[in-house]
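>>> Requesting a structural model of the entry that follows:
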Amino acid sequence: MDCFKLKYTFYTFFLFIILSCSSNNDDDIDDSPLELTITNFESSNNQVKIEWETIKPKGLIIEDLCIYRLDKNQETDFVSEKRIANLPSNETTFTDYDVPYKKEVSYKIRINYRDERTTPIQFLNLESEEKKFTRQIISFTNVPFQVQKDPIQTNIFHILDKKGNGYLYKYNSSKNNFEYTKTFDNGNLLNNRFQIINTNEIYIADTKGKVFRLNADNYNTIGTYSTLISDNLNAFAISGNRIYYQDEETWNFYNISTGGNNKVGLVTSMDYSEYLGNDIFLFLYSQIGYDAKLFGFSPNTCNNLDCWPTFYNFPRNPTKTYSVDPNIFSWNSSKSKFITSINGCVFNISDMNIEKSLSDITGKRYFQFAFDSNDTIYACVQAEKKIHVFNSKYELIDIIDTKLFPLFPMKTDNDLKVIGSYEPISYWSFGYGYYFNFNIECAIETIN
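Residues are numbered from 1 along each chain as shown. Next comes the predicted model:
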């Protein structure tokens, strides 16, 4: 009997111990949630660094730890998140070295995990707060039609945007802002390159014959002139008080002083004209052959009775297809050379021969060019995020990587900026500006 009591007491004590341990284990289960906190967020134009910490109770298993990014330029932009990293579950830092060139870039961390403390097991996710990186970026909804450096103020560029009503922007490269804006009536008519005359006046002509004369400093209107047009004004040049212009294929002039039109009837058929001084005009041809020629016109040789040019003929090598394009055209600082076309053909004004074709060196097609004061050429490669740099001997001395697809290089003595597109652009030839319209968003990028 005593033995039975002893065994009973022992079993009772042992069962009590087991039940007590089981009860204590249940009480020790941590049912607190997973915690995720961003502890550091460092942003710059070239990289963004994120640091975080997690508090993970026992029984929670992290399956995915991902970094997501969103970017936009306008509030109306459609924004979709992009997963840019899938990291180990114990990682606590990430650096983005490929930050999109947008005004606002946001980041967040998302963790997918399972909770094995419950029956059945639950599959859950947790997101961090969103961290934003913002910066001042000047953007355009369409590719601008023309960009030209101011001849006096070396940090100023004039940008013609044909979108909507049409706009001319005075861009300060040093301050990265627009100092002045001129608004027109119909951007679709602004298919002629504007010209800067006497260093401080800008002339812009639309296809219906209206010519705007602006002060280059503040964009105030000096005058507006209406030339007599039968078809379309597709080229013009300013010499003294005359506006020479081409109406379809006939050469005419408008007298600024008297307001009189003179249709002289000379057949010209060029696609771009510019006055060079000393009664000499540059004509570019891109539809009836590809050529560049010099002609002379003055009040003595071109009047309301007769108009016949002086011809400047040089021994020349024949030009190739796509060697001339008014939409792709830039002077060097001394106006002794100009570069044109997708092939980067450099013409010497002294003999009108092509000194070099940059595409013969690289095999690339280009979009636009810019000379610096040392005749170094900055050439934007089509459909690639690269700018080729050639010295005055046409040697490729550098290749600059860009975040956007570069279109218009803007070089000053202190820095290099470029208008670039967010998508690649393909362009081949000239067509009165109508083929130089690209419905692609772009922005001004600063090259470090």
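>>> my guess is C345 contacts N317, does it?
No - if you go by Cβ atoms under 8 Å, C345 and N317 don't touch, sitting 11.4 Å apart. In short, each C-beta sits where N, CA and C put it, glycine included.
>>> pLDDT below threshold where in the chain?
For the chain, the stretches flagged by pLDDT under 70 are 1-28, 431-434.
>>> Excluding residues flanking it in the chain, which one is nearest F371?
Closest residue in space to F371, ignoring its immediate chain neighbours: N332 at 4.1 Å, by Cβ to Cβ, 6 or more residues apart in numbering.
>>> residues contacting that neighbour?
Residues in contact with N332 (Cβ atoms under 8 Å, 6 or more residues apart in numbering) are F338, F371, D375.
>>> now it: how far from Y272?
Look at N332 and Y272: by Cβ to Cβ, to the nearest Å, they are 17 Å apart.
>>> again, but for E127
As defined by Cβ to Cβ, E127 lies at a distance of 56 Å from Y272.
>>> which one of those two has more residues nearby?
Using other Cβ atoms under 10 Å as the criterion, E127 and Y272 rank with Y272 on top: 25 against 12.
>>> what sits opposite the more buried one in the beta ladder?
Each beta-bridge partner of Y272 is listed here, defined by DSSP bridges: L284.
>>> Please shift the residue numbers so they start at 13 in all later answers.
With the count now opening at 13, the last piece we talked about shows up as Y284.
>>> My understanding was that it contacts I340; is that so?
No - counting by Cβ under 8 Å, Y284 sits too far from I340 to count as a contact (10.8 Å).
>>> Between these two, which contacts overlap?
For the pair Y284 and I340, no residue contacts each of them under the criterion Cβ under 8 Å, 6+ apart.
>>> contacting residues around N460?
By Cβ under 8 Å, 6+ apart, N460 lies in contact with N57, N58.
>>> Distance of it relative to D108?
Between N460 and D108 the computed distance is 17 Å (Cβ to Cβ).
>>> From F341, how far off is the closest residue to L172 other than its chain neighbours?
Setting aside the residues directly before and after it, L172 is nearest to Q158 in space (Cβ to Cβ, 6+ apart), at 4.3 Å. Summarising the geometry, the distance separating Q158 from F341, computed by Cβ to Cβ, is 9 Å.
>>> okay, and the common contacts of those two?
Here Q158 and F341 have R205 as joint contacts, going by Cβ under 8 Å, 6+ apart.
>>> what helix or strand is S371 on?
helix 370-374 (DSSP states H and E).
>>> Which strands or helices does that helix pack on?
Judged by 3 or more Cβ pairs under 8 Å, 6 or more residues apart in numbering; DSSP states H and E, helix 370-374 is in contact with strand 389-393, strand 398-402.
>>> Which other helices and strands does the first one contact?
Spelled out, it's strand 389-393. Using 3+ Cβ pairs under 8 Å, 6+ apart, the elements in contact with strand 389-393 are helix 370-374, strand 378-383, strand 398-402, strand 417-423.
>>> if you set the cut-off to 6 Å instead, what comes out?
strand 378-383, strand 398-402, strand 417-423 (3 or more Cβ pairs under 6 Å, 6 or more residues apart in numbering; DSSP states H and E).
>>> Export those strands as JSON lines, with columns for mean neighbour count.
Compiled in JSON lines, these are given as follows (neighbours: other Cβ atoms under 10 Å):
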{"stretch": "strand 378-383", "mean neighbour count": "24"}
{"stretch": "strand 398-402", "mean neighbour count": "21"}
{"stretch": "strand 417-423", "mean neighbour count": "24"}
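>>> would you turn those into JSON lines with distance to P132?
JSON lines is the format used below for the helices and strands packed on strand 389-393 (distance: least, Cβ to Cβ, whole Å):
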{"stretch": "strand 378-383", "distance to P132": "60"}
{"stretch": "strand 398-402", "distance to P132": "55"}
{"stretch": "strand 417-423", "distance to P132": "52"}
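>>> and F169, which of the ones you listed is closest to it?
Each of the helices and strands packed on strand 389-393 has some distance to F169 by Cβ to Cβ; the shortest is strand 417-423, at 5.2 Å.
>>> Name the surrounding residues that touch that closest one.
For strand 417-423, the surrounding residues in contact (Cβ atoms under 6 Å, 6 or more residues apart in numbering) are 159, 169, 379-380, 382, 384, 390, 392, 397, 399, 429-433, 436.
>>> Which one of those residues is nearest to L226?
Lowest distance from L226 to the contacts of strand 417-423 (Cβ to Cβ) belongs to F169, with 15.1 Å.
>>> ok, and the closest non-adjacent residue to that closest one?
Going by Cβ to Cβ, 6+ apart, F169 has Y183 as its nearest residue, at 4.7 Å.
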